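Student: Make a model of this:
(2 chains)
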Amino acid sequence: GQQLNQSPQSMFIQEGEDVSMNCTSSSIFNTWLWYKQDPGEGPVLLIALYKAGELTSNGRLTAQFGITRKDSFLNISASIPSDVGIYFCAGRLYGQNFVFGPGTRLSVLP
Amino acid sequence: NAGVTQTPKFQVLKTGQSMTLQCAQDMNHEYMSWYRQDPGMGLRLIHYSVGAGITDQGEVPNGYNVSRSTTEDFPLRLLSAAPSQTSVYFCASSYSSRDREHFGDGTRLSIL
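Tutor: Sure thing, here's the model as predicted:
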């Protein structure tokens, strides 16, 4: 089945640093979603993107819908310990189901 | 607010046993789905439903059955458990297939 690629697979950063991660697909999408999953819990939606080029923020998080419609980016500014978790992207073309990436595992060092 | 509720949270089965994973939502969502999450593979869609009485297969449906007799409930049945079905299972719901999904906290299933 179709899958997305997420980069990096994991990252260790110092508290206060900015974080960048991305998600790429071989197919174009009409919708991109970014989720965060804490240990032992289900994914929680962070940001939804519906238009190529769209840039949307949610607090310290900013996500962008790539111009090519084959990628999306998530940035976290001034990381804090509670940012620890796995970040998933998901993409969808109209009429099809969402496809999820394998996730980026973020660790924040004090 | 309950949202999406999954039971049980943990389960250990022997190969060949059957069981049903329960999922209920109280948001009057039409669309419900089941995913499995395996290390390094993200979430993969097992089955989904666009409304009561309507179900369809996702990416990895083999070995699983679903039914949707009510809007609120969407149980997932393992007919004859196999070790390859050891995974974390998530149920999700949304107003429609075009909307973002709300996830439950998952069921951790181990097949011995």
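
Student: Please make it C-alpha for all contacts and neighbour counts, starting now.
Tutor: Will do.

Student: center of chain B - which residue?
Tutor: B:Trp34 (3.1 Å; C-alpha atoms, centre = their mean).

Student: Does that residue touch B:Ser93 like I think?
Tutor: No. If you go by C-alpha atoms under 8 Å, B:Trp34 and B:Ser93 don't touch, sitting 9.0 Å apart.

Student: What residues are bridge-paired with B:Phe90?
Tutor: Counting by DSSP bridges, B:Phe90 is bridged to B:Tyr35.

Student: could you show me where the strands are in the chain, in order?
Tutor: Picking chain A for this. Applying DSSP state E to chain A gives strands spanning A:5-7, A:10-14, A:19-24, A:31-37, A:44-49, A:55-58, A:61-65, A:71-76, A:85-92, A:99-100, A:104-109.

Student: think we crossed wires, I meant chain B
Tutor: For chain B, applying DSSP E gives strands covering B:4-7, B:10-13, B:19-25, B:31-37, B:43-51, B:54-57, B:64-66, B:76-78, B:87-94, B:102-103, B:107-111.

Student: JSON lines for the ones you listed, including distance to A:Ser107?
Tutor: Shown next, in JSON lines, are the strands of chain B (distance: least, C-alpha to C-alpha, whole Å):
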{"stretch": "strand B:4-7", "distance to A:Ser107": "28"}
{"stretch": "strand B:10-13", "distance to A:Ser107": "26"}
{"stretch": "strand B:19-25", "distance to A:Ser107": "31"}
{"stretch": "strand B:31-37", "distance to A:Ser107": "20"}
{"stretch": "strand B:43-51", "distance to A:Ser107": "21"}
{"stretch": "strand B:54-57", "distance to A:Ser107": "36"}
{"stretch": "strand B:64-66", "distance to A:Ser107": "35"}
{"stretch": "strand B:76-78", "distance to A:Ser107": "33"}
{"stretch": "strand B:87-94", "distance to A:Ser107": "22"}
{"stretch": "strand B:102-103", "distance to A:Ser107": "23"}
{"stretch": "strand B:107-111", "distance to A:Ser107": "23"}
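
Student: Turn those strands into JSON lines, columns for mean pLDDT.
Tutor: Shown next, in JSON lines, are the strands of chain B (pLDDT from 0 to 100):
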{"stretch": "strand B:4-7", "mean pLDDT": "96"}
{"stretch": "strand B:10-13", "mean pLDDT": "96"}
{"stretch": "strand B:19-25", "mean pLDDT": "97"}
{"stretch": "strand B:31-37", "mean pLDDT": "95"}
{"stretch": "strand B:43-51", "mean pLDDT": "93"}
{"stretch": "strand B:54-57", "mean pLDDT": "92"}
{"stretch": "strand B:64-66", "mean pLDDT": "97"}
{"stretch": "strand B:76-78", "mean pLDDT": "97"}
{"stretch": "strand B:87-94", "mean pLDDT": "96"}
{"stretch": "strand B:102-103", "mean pLDDT": "93"}
{"stretch": "strand B:107-111", "mean pLDDT": "96"}
